[in-house]
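Let's see this in three dimensions:
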Amino acid sequence: MLKTTTSPGFWCECWTERLGGQQTPALFGSFDAYSAVEANNWVATILRTISPALDTAASTEAWTRLHDDRIDTRRALLRREPWTVSITHVSTRITWTVRPALFLPMAHRQSRQLPPCAYDFKPHRPRTTD
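Numbering: from 1, shown residues only. From the prediction side, this is the model:
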């Protein structure tokens, strides 16, 4: 019998959305965090990194999230509650989501032949947008 164990963690995503447009939100990046601290630090690091490039209102909101709301964020994640934060800069909304997840272990593929369908995958070319 196959025994599968899972590891608790968090699935983190960053979405961007152009406001007032017909485009749907786009996934900008994702991250698998294995602790509440790691998930919280992922969002905080990105906010610190981009805050100098944001307009004044968005930068102020980012720093409020980093300092005033950080304890509440960490408490929510420690209770394994989903958490979301959004920052709006000019006409773009950036949203970070952190959700509790259970991670399955990856199968070890070293020195094993992949199934034929693995070679059929052809990545899509990125679409250019204005």
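
need the helices for this structure, in chain order.
For the chain, the helices defined by DSSP state H cover 36-50, 56-67, 70-78.

right, so the ones you listed: which one is the most enclosed?
helix 36-50 (a mean of 17; mean count of other C-beta atoms under 10 Å). In short, each C-beta sits where N, CA and C put it, glycine included.

So which of the helices of the chain is nearest residue 20?
helix 56-67 (16.3 Å; C-beta to C-beta).

Mind listing residues that contact the closest one?
44, 47-48, 50-52, 54, 73, 85, 87-89 (C-beta atoms under 8 Å, 6 or more residues apart in numbering).

now the protein, which segments are flagged as low pLDDT?
Residue ranges of the chain with pLDDT under 70: 1-4, 106-112, 114-115, 118, 121-130.

Show me the strands in it, by range?
7-18, 26-33, 83-89, 92-103 (DSSP state E).

For stretch 43-54, give me every contacting residue.
12, 14, 59, 62-63, 65-66, 70, 73, 85, 87, 89, 94, 96, 98.

gap between residue 24 and residue 17?
Shown here: residue 24 relative to residue 17, a distance of 8 Å by C-beta to C-beta, to the nearest Å.

still on that earlier bit, take the contacts of helix 56-67 and write them to CSV, including distance to residue 29.
Below are the contacts of helix 56-67 laid out as CSV (distance: C-beta to C-beta, whole Å):
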residue, distance to residue 29
44, 15
47, 14
48, 16
50, 12
51, 17
52, 19
54, 17
73, 19
85, 15
87, 15
88, 18
89, 17
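
ok, residue 14 - contacts?
27-30, 46, 94-96 are the contacts of residue 14 under C-beta under 8 Å, 6+ apart.

same thing but 10 Å
Neighbour list for residue 14: 26-31, 42-43, 46, 94-97 [criterion: C-beta atoms under 10 Å, 6 or more residues apart in numbering].

I'd like those residues laid out as TSV, including distance to residue 105.
Below are the contacts of residue 14 laid out as TSV (distance: C-beta to C-beta, whole Å):
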residue	distance to residue 105
26	30
27	24
28	27
29	23
30	19
31	18
42	22
43	26
46	28
94	32
95	30
96	26
97	24
